[in-house]
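Undergrad: What follows is a predicted protein model with its sequence.
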Amino acid sequence: MKSITHHHNQALREVYQAIRGKKLQYHISTFGCQMNDHDSEKMAGLLETMGYTYTADETAADLILFNTCAVRENAELRVFGNIGRMKPLKAAKPELIVGVCGCMMQQDHMKHAIKDKYSYVDLVFGTHNLSALPDYVRRVLLEKERVVEIIADGSIVEGLPVVRNLDVKAFVTIMQGCDNFCSYCIVPYTRGREKSRTPEAILEEIEGLVEQGIKEVTLLGQNVNSYGKGLVPAIDFADLLHRVNAIEGLERIRFMTSHPKDLTDRLIEAMTLDKVMPTIHLPAQSGSDKILQAMNRKYTKADYLGLVDKLRQMIPDIAITSDLIIGFPGETEEDVDDTIDLIRRVEFDAAFTFIYSPRVGTPAAGLPDETSERTKHERFDRMLAVLNEIVIAKHKAREGRVFEVLIEGKQERSAAYQGRTKQDFLVTFSAKPEDIGQLRPVRITKARKFSLEGELV
Ligand code: SF4
């Protein structure tokens, strides 16, 4: 582990000197997951330390970064489309700096595509060298260089400034990378092997956040359940939760993502700690043992159902959410039935649903796939109808109940305030500015499609 290096500090100062008084603005577009959101917060922190200020208006920006994600469907097309939009902006304002970064850039074909076809992109870098951003900006801005730098794997850099988007809650990365190699997933190739931050660094960061008024942290990693691998002295995720739970002034702890194969009894027990929220995002992906094996997930449908039973036994009011994929190569009607059966038996509180699409460079991309797109869409709709019915019924059943809500702030386009229950359900209600950051009971008056309406009790 190392701190932000002397070299980067030097670059940061040089950029600061060069742009001082010029009122330069930056804009970051983030695609994909919470890891990416958090990386964007770190880049925002670095840019603001360099002297840039944020603008929501792309056309007003002097530096635009696209933080890309390789995981979601149609991600590549969306990124190309967005970068394409930069061409006229750059023509009108040649000094505009356009950068593309994130995990999609860790893939060779994407790096080359951007480098060769989009000459107006000044800066390309990956997920392992985000801390070098000051040096890249310095080279583009002051040396008029075009910078393309992707490194295969890196160590964790501690001590980067971070600009957080919310005043009462924050994300804290506890580990990077993934060792699981699910056959459809690009993450182990783009984010590299699992590396855990030391508990000391994590606790220090959270204590600092609590001092700034943060009430809730979400511990982030691709597979937080295997936190601690390789650290000396030995520590696992359950231990870490105990230590974070002991931080005075912190009210709520969440974490994501959990891998079912690593969800131990010890960890479920740690989830009963007072500050650990009763919610888990536990991606099932499929309910068919055949497909789970082809996906290299290392658990069966019965294993998954067993975990859900244990969770509900230990934490009765827990919310369980999931990711589900339809259309994996070789999936039959019966496999989809198995997934639908899993949905009915678990009764998920919410789920992200995807139609499988191959990612270049993953083992599953080489599998024969004879199912037509049309059939996949029909199966997807069949699954979604069942899922929606369950999710909406559970949502409706919350009307009249009282939940403890952490009040996050006022909504942008309305007079309503918003907050989240322990289970992470979004609730809107009327409140006062001084209520922000408070934990308050809220009675649910109406279930809307994606949120709940309520009133302070
Ligand atoms: S656990 Fe599987 S799906 Fe999740 S990041 Fe690792 S390889 Fe990808």
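TA: Received it, and whenever you're ready, just let me know what you need. Numbering: from 1, shown residues only.
Undergrad: C-alpha only now, for contacts and for neighbours.
TA: Noted.
Undergrad: Name the helix or strand for the closest residue in space to residue 59 that isn't next to it in sequence, please.
TA: The shortest distance from residue 59 to any non-neighbouring residue, by C-alpha to C-alpha, 6 or more residues apart in numbering, is to residue 89 (6.9 Å). Here residue 89 sits within helix 86-92, counting by DSSP states H and E.
Undergrad: and residue 35, how far is that from the ligand?
TA: Distance from residue 35 to the ligand, counting by C-alpha to the nearest ligand atom, to the nearest Å: 11 Å.
Undergrad: Whichever helix or strand residue 141 is part of packs against which elements?
TA: Assigning secondary structure by DSSP H and E places residue 141 in helix 133-143. Applying 3 or more C-alpha pairs under 8 Å, 6 or more residues apart in numbering; DSSP states H and E, we find helix 133-143 packed against helix 6-19, helix 34-50, strand 147-149.
Undergrad: out of the ones you listed, deepest packed?
TA: Counting by mean count of other C-alpha atoms under 10 Å, helix 34-50 has the highest mean neighbour count of the helices and strands packed on helix 133-143, with a mean of 21.
Undergrad: Can you list the neighbours in contact with that helix?
TA: 12-13, 15-16, 26, 28, 30-31, 53-54, 67-69, 102, 130-131, 133-134, 160-165, 171-173, 220-222 (C-alpha atoms under 8 Å, 6 or more residues apart in numbering).
Undergrad: Near the ligand, list only the ones from these.
TA: residue 222 (C-alpha under 6 Å from any ligand atom).
Undergrad: and the protein, which of its residues are near the ligand?
TA: Near the ligand, when you scan the chain using C-alpha under 6 Å from any ligand atom, you find 178, 180, 181, 182, 185, 187, 188, 222, 223.
Undergrad: related to what we said a few turns ago, got the helices and strands packed on helix 133-143 as a markdown table, with mean pLDDT and distance to residue 216 columns?
TA: Below are those laid out as a markdown table (pLDDT from 0 to 100; distance: least, C-alpha to C-alpha, whole Å):
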| stretch | mean pLDDT | distance to residue 216 |
| --- | --- | --- |
| helix 6-19 | 77 | 30 |
| helix 34-50 | 85 | 15 |
| strand 147-149 | 87 | 35 |
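Undergrad: Is it possible to get a markdown table of the ones you listed that adds distance to residue 117?
TA: Converted to a markdown table, these look like this (distance: least, C-alpha to C-alpha, whole Å):
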| stretch | distance to residue 117 |
| --- | --- |
| helix 6-19 | 28 |
| helix 34-50 | 25 |
| strand 147-149 | 13 |
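Undergrad: between the ones you listed, which one is nearest to residue 253?
TA: helix 34-50 (15.6 Å; C-alpha to C-alpha).
Undergrad: how about the strands in the stretch 201-350 of the chain?
TA: If DSSP state E, counting those that start in this stretch is used as the criterion, the strands of the stretch 201-350 of the chain fall at 216-220, 252-256, 279-281, 319-326, 350-355.
Undergrad: Please report how far residue 69 lies from the ligand.
TA: Residue 69 is 12 Å from the ligand, by C-alpha to the nearest ligand atom.
Undergrad: What degree of burial does that residue show, as a neighbour count?
TA: Residue 69 has 25 neighbouring residues, counting by other C-alpha atoms under 10 Å.
Undergrad: how far away is it from residue 103?
TA: 5 Å (C-alpha to C-alpha, to the nearest Å).
Undergrad: Identify the contacts common to the two.
TA: Counting by C-alpha under 8 Å, 6+ apart, nothing touches both residue 69 and residue 103.
Undergrad: Could you save the strands of the stretch 201-350 of the chain as JSON lines and add columns showing mean neighbour count and mean pLDDT?
TA: Shown next, in JSON lines, are the strands of the stretch 201-350 of the chain (neighbours: other C-alpha atoms under 10 Å; pLDDT from 0 to 100):
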{"stretch": "strand 216-220", "mean neighbour count": "22", "mean pLDDT": "94"}
{"stretch": "strand 252-256", "mean neighbour count": "21", "mean pLDDT": "96"}
{"stretch": "strand 279-281", "mean neighbour count": "21", "mean pLDDT": "96"}
{"stretch": "strand 319-326", "mean neighbour count": "20", "mean pLDDT": "95"}
{"stretch": "strand 350-355", "mean neighbour count": "17", "mean pLDDT": "89"}
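Undergrad: Of those strands, which is nearest residue 147?
TA: strand 216-220 (29.5 Å).
Undergrad: sorry, back to before: narrow the contacts of helix 34-50 to those in strands?
TA: If you go by DSSP state E, those have 26, 28, 30, 53, 54, 67, 68, 102, 171, 172, 173, 220 in strands.
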